[in-house]
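1. Provided below are the primary sequence and the corresponding predicted coordinates.
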Amino acid sequence: MIATFALAVFLLIITPGPGVLSLAGVGAAYGFRSGFRYFTGLFIGTNLVALAVVTGLAALILANPTIRTVLLVASTAYLLYLAAKIALAGSKIGFSAASRQPGVRDGLLLQAINPKAYVVNTTLFSGFLMFPEAYAAEVMLKFLIVNAIWVPLHFLWLWTGSRIKAMNLSAGTQRIINFGMALAMLGVVALASWTALT
């Protein structure tokens, strides 16, 4: 059962979602150092979401359709903001790219309103029963396994994005990559919105 759980974690985390796409985008647009701060926020945020799922707080909050709608709208708006910030990084357009690079707070905020984070954590922590008589031990083991897989996978996405930045590509090529990352995030936004409405 532990190997099955680990495989499920891998498959659920490796699929592109707002966290990994925005992390790669931040790495490509701003470099490794800024990306690592954002990575730290995502890490803290995903563990707080998991904790909310385990304690039942997430179920209590998400049971209210109004709150679910507000979270969907907030997450969509925030992902659009991040996509624009990534798309316009390094360009001459005077958007917020020149003001402040995404950091810990931004990663934390994204995970707090990221629908995929709640779905993944609910699936992982409510399924895959390991120790029916020792729930606390099961939860701790699941946290360890999830983080042991989450950290290197997200680090790989950050590294890939920052390698693009380190290539010192022409401004035009970098802009195309930034727009590509932003378009991928918009695709995730569209899919999440469509799924929520069906």
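-> Noted; the coordinates are in hand. Residues are numbered from 1 along each chain as shown.
2. Could you point out which residue ranges in the chain have low pLDDT?
-> Residues of the chain meeting the criterion pLDDT under 70: 89-99, 185, 188-198.
3. What are the boundaries of the helices in the protein?
-> 2-14, 18-30, 32-55, 57-62, 65-87, 104-113, 115-126, 135-166, 171-197 (DSSP state H).
4. winner for burial among these?
-> Compared across these, helix 18-30 shows the largest average neighbour count, a mean of 27 (mean count of other Cβ atoms under 10 Å). Backbone N, C-alpha and C define where each C-beta goes, glycine included.
5. Can you name every helix or strand that it contacts?
-> If contacts are counted by 3 or more Cβ pairs under 8 Å, 6 or more residues apart in numbering; DSSP states H and E, helix 18-30 sits against helix 32-55, helix 65-87, helix 104-113, helix 115-126, helix 135-166, helix 171-197.
6. Distance to G25 added to these, as CSV?
-> Shown next, in CSV, are the helices and strands packed on helix 18-30 (distance: least, Cβ to Cβ, whole Å):
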stretch, distance to G25
helix 32-55, 9
helix 65-87, 4
helix 104-113, 12
helix 115-126, 16
helix 135-166, 6
helix 171-197, 4
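7. Of those, which is nearest A24?
-> helix 135-166 (3.8 Å; Cβ to Cβ).
8. on that earlier part again, so which of the helices and strands packed on helix 18-30 comes closest to I2?
-> helix 135-166 (7.2 Å).
9. How far away from the center of its chain is the closest one?
-> 11 Å (Cα atoms, centre = their mean, to the nearest Å).
10. ok so, going back, ok, which of the helices and strands packed on helix 18-30 comes nearest L21?
-> L21 lies closest to helix 171-197 among the helices and strands packed on helix 18-30, at 5.0 Å (Cβ to Cβ).
11. Which residue is most remote from the mean position of this structure?
-> Most distant residue from the mean C-alpha position of the chain: E133, 32.5 Å away (Cα atoms, centre = their mean).
12. hmm, back to that, between the helices and strands packed on helix 18-30, which one is closest to V26.
-> helix 32-55 (4.7 Å).
13. Put the alpha carbons of stretch 114-122 into PDB.
-> Taking C-alpha atoms only, stretch 114-122 is exported to PDB below (Å, rounded to 0.1, in the frame of the first residue of the first chain):
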ATOM      1  CA  ASN A 114      -5.400  26.600  -5.500                       C
ATOM      2  CA  PRO A 115      -8.200  24.100  -6.200                       C
ATOM      3  CA  LYS A 116      -5.800  21.400  -7.300                       C
ATOM      4  CA  ALA A 117      -4.000  21.600  -3.900                       C
ATOM      5  CA  TYR A 118      -7.200  20.700  -2.100                       C
ATOM      6  CA  VAL A 119      -8.300  18.000  -4.600                       C
ATOM      7  CA  VAL A 120      -4.800  16.300  -4.500                       C
ATOM      8  CA  ASN A 121      -4.500  16.500  -0.700                       C
ATOM      9  CA  THR A 122      -8.100  15.300  -0.200                       C
END
